[in-house]
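>>> here's a sequence, model it:
(one chain, ligands or ions: 2)
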Amino acid sequence: MQGEVDQSFIQALEHRPNLSVPEAQGIPLIDLSVLNSPDNHNIDGLVLEIRNACKNWGFFQVINHGVPLEKRHKIENASRKFFAQPLEEKRKVRRDEASALGYYDTEHTKNVRDWKELFDYGVQNPTLVSASSEPDDKEVVQWFNRLPEYPPEFREACEEYAKDLEKLAYKLMELIALSLGLPANSFCNFYRDQTSLIRLNHYPPCPVPHLALGVGRHKDSGALTILAQDDVGGLEVKRKSDGEWTRVKPTPDAYIINVGDILQAWSNEIYESVEHRVVVNTEKERFSIAFFFNPAHYTMVKPLDELINEKNPAKYRAYNWGKFIATRMQSNFKKLDVENIQVHHFRVPE
Ligand SMILES: O=C(O)CCC(=O)C(=O)O
Ligand SMILES: [Fe+2]
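Ligands and ions are numbered 1, 2, ... in the order given. Below is the predicted model of the structure:
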C-alpha cells in the first residue's frame with residue numbers, strides 16, 4: 001500500500017498513530033446554559049470549571065453554547081457540497097501569495113503533508129495583516145475572502161456562522177479572563193481588527209491511516225480555537241497528566257475548545273496550549289470546522305501586566321502577531337527545511 005501513496009504524507013516512525021487508542025472519557029464537558037438565563041448571575045461555579053479545564057487539560061467541550069444548530073448544519077452542508085466538487089473547481093478559489101484565504105490541499109504540518117483539504121474564510125473582510133516578516137516593514141496588506149460559485153449559499157452560511165461563533169468566542173474569553181482573576185473584558189481590545197478565521201476541513205478516507213495523519217501533531221498558534229467535529233471521530237489530544245494520545249469522542253452539537261499559544265503567553269503559562277492531531281481511517285471521510293479566534297495583526301503578544309510581578313516575572317518576550325503570521329506564511333510558500341516559528345522561540349529562559 002505504502003508504495004501507492006506519495007512519500008510526503010508518511011510520518012516518521014515515532015509520530016505514527018496507534019489506531020486502537022481508547023476514547024478519552026476525561027475531557028471536561030461544560031454546560032454554558034447559565035450564561036443564557038437572564039435571572040441567574042451566579043457564574044462563579046462556571047468560572048471555576050473553566051479554570052480547572054484550562055489548567056488541567058487545555059481542552060474541553062461546551063454544550064448549551066448558544067450557537068443555533070441550524071446555522072451549524074447550514075455551514076456543514078455548504079462545506080460538504082463545496083468539497084464534493086472536482087479539484088479544478090476548488091482550485092479556482094485557491095490560496096496564493098496575495099491572500100492566504102481560500103482553498104488549499106497541500107497543507108504541511110512540521111514538514112509532513114496532511115491528509116486533508118481545507119478552505120479558510122476570514123471573519124473580517126478584508127483581514128488586515130503585515131505585508132512581510134521584516135520587523136521594520138510597516139506595510140499592511142488586505143486578505144479578501146474568496147468565494148466559490150458553488151454552492152450558492154456558501155457566503156451566507158459562512159457569514160452567519162462567523163457572527164455566531166464570534167459571540168461564543170467573546171463569551172469564552174470573558175470567562176477565561178474571570179478565571180484568571182481579571183476583569184471580564186480584559187481581552188476585548190485585542191480583537192478590534194481581529195485576524196480570526198473559519199477553517200473548513202475535509203479528511204478523505206486514507207489507504208494508509210497507520211502511516212499518515214489528517215493533521216500532524218501541532219499546537220494552535222492563535223488565542224483560542226472553537227472546533228465542530230462530525231460524528232466520525234479522529235481528533236486526538238496529548239493528555240497533560242500522562243502525555244498519552246487520547247481520542248476526543250464526538251458529542252453531538254458540542255464545541256471543542258482549546259487554549260492556543262497566544263493565551264499561553266497572555267496568561268504567563270497559567271494555561272498552556274496542548275498538542276493535538278487528527279487520525280484518519282480507510283472507510284469514512286471526516287469533516288470539521290475550526291474557528292480560530294485571533295487578535296489584530298498589530299498586537300504585541302506578551303503576558304498581561306496584572307499576571308506578572310517580581311515573584312512571577314514574564315515568561316515571554318513580547319512578539320508581534322502580524323510578523324508571526326507573516327513568518328509562518330513565508331515558510332509555507334518556501335517550504336523551508338527548518339522548524340516553523342513557534343511561541344517557544346519567545347520564551348524567556350528560566
Ligand atoms: O479537524 C480537527 O479535528 C482538528 C483540526 C485542527 O487541529 C486544526 O485545524 O488546527
Ligand atoms: Fe489544531
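>>> look up how far ligand 1 lies from residue 237.
When distances are taken as C-beta to the nearest ligand atom, to the nearest Å, residue 237 and ligand 1 turn out to be 10 Å apart. In short, each C-beta sits where N, CA and C put it, glycine included.
>>> count the residues that sit near that residue.
Counted with other C-beta atoms under 10 Å, the neighbours of residue 237 add up to 21.
>>> mind listing what the helix or strand hosting it pairs with, with the direction of each?
Using DSSP states H and E, the secondary-structure element containing residue 237 is strand 235-238. Using DSSP bridges, strand 235-238 pairs in its sheet with strand 245-248 (antiparallel), strand 276-278 (antiparallel).
>>> mean pLDDT lowest where, among those strands?
Ranked by mean pLDDT, those bottom out at strand 245-248, with a mean of 92.
>>> output the strands paired with strand 235-238 in TSV; the columns should cover mean neighbour count and distance to residue 186.
Below are the strands paired with strand 235-238 laid out as TSV (neighbours: other C-beta atoms under 10 Å; distance: least, C-beta to C-beta, whole Å):
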stretch	mean neighbour count	distance to residue 186
strand 245-248	20	28
strand 276-278	23	26
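>>> just want the residue of the stretch 101-250 of the chain that's nearest ligand 1.
With C-beta to the nearest ligand atom as the measure, residue 235 is the residue of the stretch 101-250 of the chain nearest to ligand 1, at 3.8 Å.
>>> about what we covered before: out of the strands paired with strand 235-238, which comes closest to residue 329?
strand 276-278 (21.8 Å; C-beta to C-beta).
>>> gap between the closest one and the chain center?
The offset between the C-alpha centroid of strand 276-278 and the centroid of the whole chain comes to 11 Å, using C-alpha atoms, centre = their mean, to the nearest Å.
>>> hmm, that strand in reach of ligand 1?
Yes: part of strand 276-278 sits close enough to ligand 1 to count as contact by C-beta under 6 Å from any ligand atom, namely 276, 278.
>>> just to revisit the earlier point, ok, the nearest residue to the residue of the stretch 101-250 of the chain closest to ligand 1 once chain neighbours are set aside - contacts?
Closest residue to residue 235 apart from its sequence neighbours, by C-beta to C-beta, 6 or more residues apart in numbering: residue 248 at 4.5 Å. When the contact criterion is C-beta atoms under 8 Å, 6 or more residues apart in numbering, the partners of residue 248 are 23-24, 27, 59, 61, 229, 233, 235-237, 256.
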